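S.K.: Sequence unavailable; structure follows:
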């Protein structure tokens, strides 16, 4: 019986008392890494989670780069928007070479020789291999007014005097396509931001009001949204675009278009905000904080908004590309921006013709940045949405 | 191209060959295969009986044509449904018409006599029949004159312009069944031209068909029923709508054209079948046209180039522009078509028309100021436009006659067309426009920025491209330019009411002018002229609407035009034309850019008898009209 865990009859049970201090968390001991994670702020958590989504990270960096480029558009674009090269109409993209006769010579372009094919009535451009021009960086070219503030002539790159360098070819007036795409980006990718700002302000305020107050405010807002959503969008765009007077300056037209896009877009967001508010209001933790005596303002900002933050971010990142596409589509149809404003939609509008597709395919190149930017926004949105809900 | 009235008086045009001999020599005429069963079954008389006693023998030698065969369908691409009128233009059966040397020759008529330039006697072909087999006689002319032109319900504003000389109508007489005569007090050189034009004056109507819609002949109850069933406004509307000759929309309307419409619109596909009673024959005495059927495919005009490139048309120039040439040429071998390089006959491929009757008083004063118009013209870099739009192959110059015209003088084409920004800016400064506002834009005297809105009917991409460059050019002058594209009808209304400031459109149709052609485009005569619509309206309505021209130069042009209407000899007309061209170019009433551009013509490689080179122009050649599409045929 000696192997019985219990002591013999009548004897006291052996007693052990630890002298060490009591640590209630000893069972779930945190490693320093775990500790860092559990005690991190929400923002930090989001960043960590976002970082793990490599595609989203790259997309974010790419977009950052894009916005940097458009901020410096005048500097990055080698030629001015109005600079027309009469001798280089419909010139195809030019290649760069680094070696001549086996020696490294830095980036250079060959001289372009234009011949006219009288049979096909086509301009034919060939490289003259015996003459080449260097591509310089941070050099002087067309003068511009940087941000409308001061005159400058520096460009990121330009070609040696006497040569031409059209990285992406030229259009029907002999304007450099690369420069036009850069300038076009300035309009095309900011239109999304302005549009989204308009639609967010309207969506959150109106949706928030409807969700928080409920009752007749909610009913009215809901009916307005229903009416707005039932209006077919293309005819409405057409009508609104027709209202914008032709003599408006490009900036005003641009602003008008963004506001039109924004005004049409807020309804979905307002609905989402309202329904989220309504459902979150009934959550236990809201009740708890109410019982603890929190005021409505605190409840909304501390408890409700973070609750649907991820949803807001997701819808924002999906809306921006929709706005960009909206502008492109409107301008492509000739309803949105018009030349001389240059946007990607305007560039594509100029390319909608059989001749371009068959003979001058480089004029369709603005499609590429449109696709890239929209993909980047979608990937980034995906990553952000995952990251915004770090506790899941 | 000499249509001298004196010659007219002496000469009588007789068809070149007498047919009886050639028909007699031939054993029997071969029926077109599509008609043969009808002839056999007795539904249709044989060709010999269908032809007029003295049909028109088309001269094949002169224009190097070959004898063809009856066959096939010719398909053409068109834009909007109104383009159905192109069949009347291309068909080009006229009472008198231009031949390929631009000589006026009788066509539907057997003889056309003129005395003193004011008495015109028209001889019809005996035995000539409408496409439904009913004889075509003097009654059809009488019906038009008495029951249509003089009927207030049908012609509210009186007979058409060409039937008025000095504002007075002619005396109309029926001499016999085949002869009618129009006698004016004053000479009326516009009359024969009006009959020969691409959109001719129809001075005859198929009386036997039209009478059922005419109040004076029809059973009132039946007519009332037609009006109600078709929801027409009144009987006049029925008569007009169903009796259109230029736009052959009514398939039941008898015709004299080589092909007649068989499709009731609206439709995407209009089929025109051969007119079995057509009056022209080939040198062998075989009735024309060779081609059995012509099909117009209506669609978007934007797609015409694409479709032509994939061989979906047999004959196409409409809606093709110079830009499409390279694309079309590349598909040539694969798709079995040829691209011919014709030349455009328009006075300027693209023209800007400042509206001298614009509502805005400040702009009106400017546009009416010759120096302003000149400055605008000097401010265009036409060489760049030519290089960009026409591969540098067109000729830069103003909106005036081409070198091919006997009236051409270099100074017309070059007046105020040499690009000189400095001079232009100086002229604008001198006009008191020297104040500059934001973006260095000039200010109008009342302080508004100078912004010109150029409107177009949106029919040509060429114009849009040109405007893009023009915007850059005028920026150098401190003038901002905007573009607005409108529908043609709306645009027309807008410039007439003075809302339109400037129009971009084709130049005038006087490219190939001769002294005998009507110089009306150079003077304010019609509300359809975008540069002076209100003055034109005044002339057209005889002062009932619009305003008389206020500029001395425009007044002088109108005076000269009226002189031409009264003129009786060639020398007089030449002097009038020269002075008008001189004034028009110097005053820059329209700003021309470049002319003589290449017009690509896509043609099925099996199609014969269409010349390799030609001039593609509305007037006087009616596009393909003078090249006689009824002689075109498909080789096997």
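M.R.: Okay, I see it. Values in this document were obtained by computation on a predicted structure and should not be read as measured data.

S.K.: Can you list the residue ranges for strands in chain A?
M.R.: Using DSSP state E, the strands assigned to chain A run over residues A:97-100, A:103-117, A:122-146, A:150-159.

S.K.: can you tell which of the ones you listed is closest to chain B?
M.R.: Nearest to chain B, of all those, is strand A:122-146, at 4.6 Å by CB to the nearest CB. Using the backbone N, CA and C atoms, a C-beta is placed for each residue, glycine as well.

S.K.: Report the buried residues of that closest one.
M.R.: A:122, A:123, A:125, A:132, A:133, A:135, A:136, A:139, A:141, A:142, A:144 (16 or more other CB atoms under 10 Å in any protein chain shown).

S.K.: and these as TSV, adding distance to chain B?
M.R.: Output for the buried residues of strand A:122-146, formatted as TSV (distance: CB to the nearest CB, whole Å):
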residue	distance to chain B
A:122	5
A:123	8
A:125	14
A:132	26
A:133	23
A:135	27
A:136	28
A:139	25
A:141	19
A:142	14
A:144	14
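
S.K.: closest to residue A:71 among those?
M.R.: Of all the buried residues of strand A:122-146, residue A:71 sits closest to residue A:144, with 13.8 Å by CB to CB.

S.K.: Spatially nearest residue to that closest one, not counting backbone neighbours?
M.R.: Closest residue in space to residue A:144, ignoring its immediate chain neighbours: residue A:74 at 4.3 Å, by CB to CB, 6 or more residues apart in numbering or on different chains.

S.K.: Report the contact partners of the one you found.
M.R.: Residue A:74 sits next to A:144, A:145, A:146, A:147, A:152 when contact means CB atoms under 8 Å, 6 or more residues apart in numbering or on different chains.

S.K.: Which residues of the stretch 51-200 of chain A lie near chain B?
M.R.: Contact residues, the stretch 51-200 of chain A versus chain B (CB under 8 Å from any CB of the partner chain): A:82, A:84, A:86, A:89, A:116, A:119-123, A:172-174.

S.K.: The residue of the stretch 401-550 of chain B found nearest chain A and residue B:455, how far apart?
M.R.: Nearest to chain A, among the residues of the stretch 401-550 of chain B, is residue B:482, at 4.5 Å (CB to the nearest CB). For residue B:482, the distance to residue B:455 (CB to CB, to the nearest Å) stands at 9 Å.

S.K.: low-scoring stretches of chain A, by residue?
M.R.: Scanning chain A with the threshold set as pLDDT under 70 gives A:1-4, A:241, A:249-251, A:334, A:389-392.

S.K.: nearest residue to residue 277 other than its sequence neighbours?
M.R.: Since no chain was named, I'll use chain A. Per CB to CB, 6+ apart, closest to residue A:277 is residue A:211, 3.0 Å.

S.K.: actually it's chain B I care about, not the one you picked
M.R.: Distances taken as CB to CB, 6+ apart place residue B:129 nearest to residue B:277, at 4.1 Å, with adjacent residues excluded.

S.K.: How about residue A:197, nearest residue that isn't a chain neighbour?
M.R.: Leaving aside its sequence neighbours, residue A:197 sits nearest to residue A:262 (CB to CB, 6+ apart; 7.3 Å).

S.K.: same deal with residue A:355?
M.R.: The shortest distance from residue A:355 to any non-neighbouring residue, by CB to CB, 6+ apart, is to residue B:327 (4.9 Å).

S.K.: So what touches the one helix or strand that neighbour maps to?
M.R.: Taking DSSP states H and E as the criterion, residue B:327 maps to helix B:325-330. With CB under 8 Å, 6+ apart as the test, helix B:325-330 has contacts from A:119-122, A:354-355, A:358-359, B:305, B:308-309, B:320, B:339, B:341, B:598, B:600, B:602.

S.K.: Enumerate every residue touching residue A:59.
M.R.: Residue A:59 sits next to A:375, A:376, A:377, A:378, A:379, A:380, A:383 when contact means CB under 8 Å, 6+ apart.

S.K.: Domain map for chain A?
M.R.: Chain A breaks down into these domains under automatic domain parsing: A:94-165, A:180-388.

S.K.: Near residue B:269, how many other residues are there?
M.R.: Neighbour count for residue B:269, taken as other CB atoms under 10 Å in any protein chain shown: 11.

S.K.: Also the one 3 residues further on?
M.R.: Neighbour count of residue B:272, defined by other CB under 10 Å: 29.

S.K.: ok, now residue B:636?
M.R.: Residue B:636 has 6 neighbours, counted by other CB under 10 Å.

S.K.: now it: how far from residue B:608?
M.R.: According to CB to CB, residue B:636 and residue B:608 sit 11 Å apart.

S.K.: sorry, back to before: out of the buried residues of strand A:122-146, who's nearest residue B:73?
M.R.: residue A:122 (33.2 Å).

S.K.: quick one: the strands in the stretch 451-600 of chain B?
M.R.: B:451-456, B:480-485, B:502-505, B:591-592, B:594-595, B:598-604 (DSSP state E, counting those that start in this stretch).

S.K.: okay if I get those as CSV plus mean pLDDT and mean neighbour count?
M.R.: Supplementary listing: these in CSV, determined by pLDDT from 0 to 100; neighbours: other CB atoms under 10 Å in any protein chain shown:
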stretch, mean pLDDT, mean neighbour count
strand B:451-456, 91, 21
strand B:480-485, 86, 18
strand B:502-505, 94, 23
strand B:591-592, 94, 28
strand B:594-595, 90, 28
strand B:598-604, 93, 24
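
S.K.: Ok, which of those comes nearest residue B:35?
M.R.: Residue B:35 lies closest to strand B:598-604 among the strands of the stretch 451-600 of chain B, at 23.3 Å (CB to CB).
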